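**Student:** Fold the following for me, if possible:
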Amino acid sequence: MQLAFRYDTVVVQFEVIFRKRKSMTIIVEAPDKVIAIVPIRTGQAIILEKVQAKAPWIIKKLEYFRNVQQLHTPREFADGESFLYLGEDYQLQVEHDISLGRPEVKFKQGRLCICTPTIDKITLASALGGWYRQRAKEIIPGRVNYYQYKIPKEPNRIVIKDQKKRWGSCSSKGNLNFNWRIVMAPVAVMDYIVVHEMCHLVHLNHSKEFWNLVAEILPDYKDVQKWLKINGVRLSL
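**Tutor:** Okay, here's the model as predicted:
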């Protein structure tokens, strides 16, 4: 049996499977399948009520699978392809200009534009990655300075790196390292990563005191953590 419900502006369809059991189980499978396994003879109204009660969780799981699927779709670096910058999606515009010595990336009429002498994907990916790295070098130190008055210790160095598995790190020498990809995220998310690493200047661990300091600076940091957990896979070329 197929049922559906509306959550905000989203219509969620799900399959109902009746089995000999005492309780209901809801399963979300990639890429967009929702299943409710329910006890035999459970009424439709009760099924809808219980599944709707789990709507926020279901929507988050579906968003996660969509983001993962998007991540594993090879980038084409073609006109109209979407790229994140400071939490906003921008369409790519590729302008072929053989007179140029190398690709140039800039904003043009609300789009992310690459003017390039070649349309080779590796070259375009390198150019766009370089543009993000430069933005990170310009933006992230400013965010560190913005929060510095709340941290009793100053960093030794601020380094922008190509980290595959970390958004940031803090060394025992007081060096703050940040993944350039975090400039793709909304400013609130980038700030959380910045503050997180700055708090390690004081507490080089994840103790209660560390999290208390994070919460003192960013009271809603847990909401940002949730965004990062769901959408972090999108912060990539």
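
**Student:** Which secondary structure element is home to the closest residue to Glu29 other than its chain neighbours?
**Tutor:** Leaving aside its sequence neighbours, Glu29 sits nearest to Ile35 (CB to CB, 6 or more residues apart in numbering; 7.0 Å). In short, each C-beta sits where N, CA and C put it, glycine included. Counting by DSSP states H and E, the element that carries Ile35 is strand 33-39.

**Student:** Direction included, what does that strand pair up with?
**Tutor:** In the sheet, strand 33-39 lines up against strand 10-19 (parallel), strand 25-29 (antiparallel) (DSSP bridges).

**Student:** Show me how far the first one is from its chain's centre.
**Tutor:** Spelled out, that is strand 10-19. Relative to its chain's centre, strand 10-19 lies at 28 Å (CA atoms, centre = their mean, to the nearest Å).

**Student:** Domain-wise, how is the protein divided?
**Tutor:** Following automatic domain parsing, one finds the domains of the chain at 2-71, 82-234.

**Student:** and the longest one, average pLDDT?
**Tutor:** Translated: domain 82-234. Averaging pLDDT along domain 82-234 gives 94.

**Student:** mind checking the end-to-end distance for that domain?
**Tutor:** Using CA to CA, to the nearest Å, the end-to-end distance of domain 82-234 comes out at 11 Å.

**Student:** Equivalent analysis for stretch 106-126, please.
**Tutor:** Stretch 106-126: ends 14 Å apart by CA to CA.

**Student:** Can you show me the helices along the protein?
**Tutor:** Applying DSSP state H to the chain gives helices spanning 44-53, 55-71, 121-147, 187-199, 208-217, 221-231.

**Student:** hang on, the earlier thing: relative to helix 55-71, how tilted is the strand holding Ile35?
**Tutor:** Interaxial angle, strand 33-39 versus helix 55-71 (axes from the mean of the first three to the mean of the last three CA atoms, to 10 degrees): 140 degrees.
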